[in-house]
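Engineer: just the structure for this:
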Amino acid sequence: MNEVNGILNLIKPVGWTSMDVVRKLKRLTRQKKVGHAGTLDPEATGILPICFGQATRVMEYLVDSPKSYEAVIKLGISTDSYDAVGAIVKSQDPSNITQADVENGLLKYVGAFDQVPPMYSALKKDGERLYNLARAGKEVVREPREVNIYNLEVLEYNLPEIRLLVECGRGMYVRSLAHDLGEDLGCGAHLKELKRVSSGPFNFSNAISVEEAEHACVNEAWQGFLFPVDFPLSKFKAAVVKDEKRQAVIMGQSVYLGFPSNLDSAQDMCRLYSEDGMFLALMGLGKTRGVWKANKVFNLNLNGRMQD
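Structural biologist: All right, here's what the predicted structure looks like:
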């Protein structure tokens, strides 16, 4: 089967790992090169972009893109995994906690701050996954990492549960946010439910379920749901190269583009298209003024398939 290139915006169901979804789609589509753009915990649900073919080469930009979540945090109970599947390590009556207490407690987490990741995570310590160490009953010191939350909003307050909208950058653990908030409030807390509602340009308005994807694959219609490879790259401005320079770009050579009206010297990367609208490459600004070099070349045809 020919390699297909594009991105499927899938809704991950509860109970599946992100790799479960990838394996399912590989089997259904009979495609070899398939990956996901941003891990979701098994008990979380929501937006999980699945990349096929050449689109796997833009996953890093999706992983780095802003994400938003709806999170239900339960006050009064702390667990070892910071979520609802972990063992309870502390419980305390949270009835004295007001919505104002919660909103004031959240203020310190808006913006950039250092966060200690949970033991139950895929991060590594001395080459070992933290969740493997945690399952073996070992706890190790985790270095705090700078994360960024752009917006935190209380959507619903129904003690002992609060529902939040969390808009954040890469690497922010909502489970750690729930745990740390509970510690700050003095009553403990854990993440009860988590739904990713957007990942970069992908959200529920343009997503399909696993069941819908499976039905589309049976009917050989799944490619109609794919977004083009360049869809998540809109943060980079676009430029057009003349046909006589097109082959040089495809060969990975540097080309002089200057600074077209929509580019300037502060822009260090751009999307490059042929005169007939084909996406050719992500270009990086070279050392010589106005000269750009292909960082990633995408040898695609107009319908998103690899050219022969």
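Engineer: what ranges do the helices span in the protein?
Structural biologist: Along the chain, the stretches classed as helices by DSSP state H are 18-29, 59-63, 99-106, 130-135, 174-185, 210-218, 243-250.
Engineer: worst average pLDDT in these?
Structural biologist: Mean pLDDT is lowest for helix 130-135 among the helices of the chain, at a mean of 70.
Engineer: out of the helices of the chain, deepest packed?
Structural biologist: Stretch with highest mean neighbour count among the helices of the chain: helix 174-185 (a mean of 22; mean count of other CB atoms under 10 Å). Where C-beta positions appear, they are placed from N, C-alpha and C, glycine not excepted.
Engineer: going by contacts, tell me the helices and strands next to that one.
Structural biologist: strand 67-75, strand 77-79, helix 99-106, strand 111-115, strand 161-168, strand 189-199 (3 or more CB pairs under 8 Å, 6 or more residues apart in numbering; DSSP states H and E).
Engineer: buried residues, the fourth one. List them.
Structural biologist: It refers to strand 111-115. For strand 111-115, a neighbour-count test (16 or more other CB atoms under 10 Å) marks Gln115 as buried.
Engineer: which one of the helices of the chain lies nearest to Ile7?
Structural biologist: Among the helices of the chain, helix 59-63 comes nearest to Ile7, with 8.0 Å by CB to CB.
Engineer: picking up where we left off before, now distance to Glu143 too, for the helices of the chain, in CSV please.
Structural biologist: Listed next are the helices of the chain as CSV, based on distance: least, CB to CB, whole Å:
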stretch, distance to Glu143
helix 18-29, 24
helix 59-63, 20
helix 99-106, 24
helix 130-135, 12
helix 174-185, 13
helix 210-218, 36
helix 243-250, 41
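Engineer: quick check, Gly76 in contact with Ala189.
Structural biologist: Yes: counting by CB atoms under 8 Å, Gly76 sits close enough to Ala189 to count as a contact (7.2 Å).
Engineer: spit out the residues that contact these two alike.
Structural biologist: Taking CB atoms under 8 Å, 6 or more residues apart in numbering as the criterion, Gly76 and Ala189 both touch Pro94.
Engineer: these two: which has the busier surroundings?
Structural biologist: Remark: of Gly76 and Ala189, Ala189 carries more neighbours, 30 against 20, as counted by other CB atoms under 10 Å.
Engineer: gap between the more buried one and Ala71?
Structural biologist: Applying CB to CB, to the nearest Å, the value for Ala189 to Ala71 is 11 Å.
Engineer: nearest spatial neighbour of His179, skipping sequence neighbours?
Structural biologist: Closest residue to His179 apart from its sequence neighbours, by CB to CB, 6 or more residues apart in numbering: Tyr82 at 4.3 Å.
Engineer: same thing with Pro118?
Structural biologist: Spatial nearest neighbour of Pro118, excluding adjacent residues (CB to CB, 6+ apart): Tyr82 at 4.9 Å.
Engineer: which pLDDT value goes with the one you found?
Structural biologist: In this model, Tyr82 is scored at 94, pLDDT.
Engineer: which helices and strands does the longest strand along the chain pack with?
Structural biologist: Ranked by residue count and defined by DSSP state E, the top strand of the chain is strand 145-158. Applying 3+ CB pairs under 8 Å, 6+ apart, one finds that strand 145-158 contacts helix 99-106, strand 111-115, strand 161-168.
Engineer: dump those to TSV, plus distance to Ser65.
Structural biologist: Putting the helices and strands packed on strand 145-158 into TSV (distance: least, CB to CB, whole Å) gives the following:
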stretch	distance to Ser65
helix 99-106	23
strand 111-115	17
strand 161-168	11
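Engineer: so which of the ones you listed is nearest Lys124?
Structural biologist: Closest of these to Lys124 is strand 111-115, at 17.0 Å (criterion: CB to CB).
Engineer: angle of the closest one against helix 174-185?
Structural biologist: 90 degrees (axes from the mean of the first three to the mean of the last three CA atoms, to 10 degrees).
Engineer: residues in contact with strand 111-115?
Structural biologist: Pro144, Arg145, Glu146, Val147, Asn148, Ile149, Met172, Tyr173, Ser176, Leu177, Asp180.
Engineer: re the thing from before, nearest approach to Pro13 belongs to which of the helices and strands packed on strand 145-158?
Structural biologist: Closest to Pro13 of the helices and strands packed on strand 145-158, according to CB to CB: strand 161-168, at 20.0 Å.
Engineer: off-centre distance for that closest one?
Structural biologist: Computed by CA atoms, centre = their mean, to the nearest Å, the chain-centroid distance of strand 161-168 equals 17 Å.
Engineer: who does that strand pair up with?
Structural biologist: In the sheet, strand 161-168 lines up against strand 67-75 (antiparallel), strand 145-158 (antiparallel) (DSSP bridges).
Engineer: tell me the angle the first one makes with helix 99-106.
Structural biologist: Computed by the same axes, to 10 degrees, the angle separating strand 67-75 from helix 99-106 equals 130 degrees.
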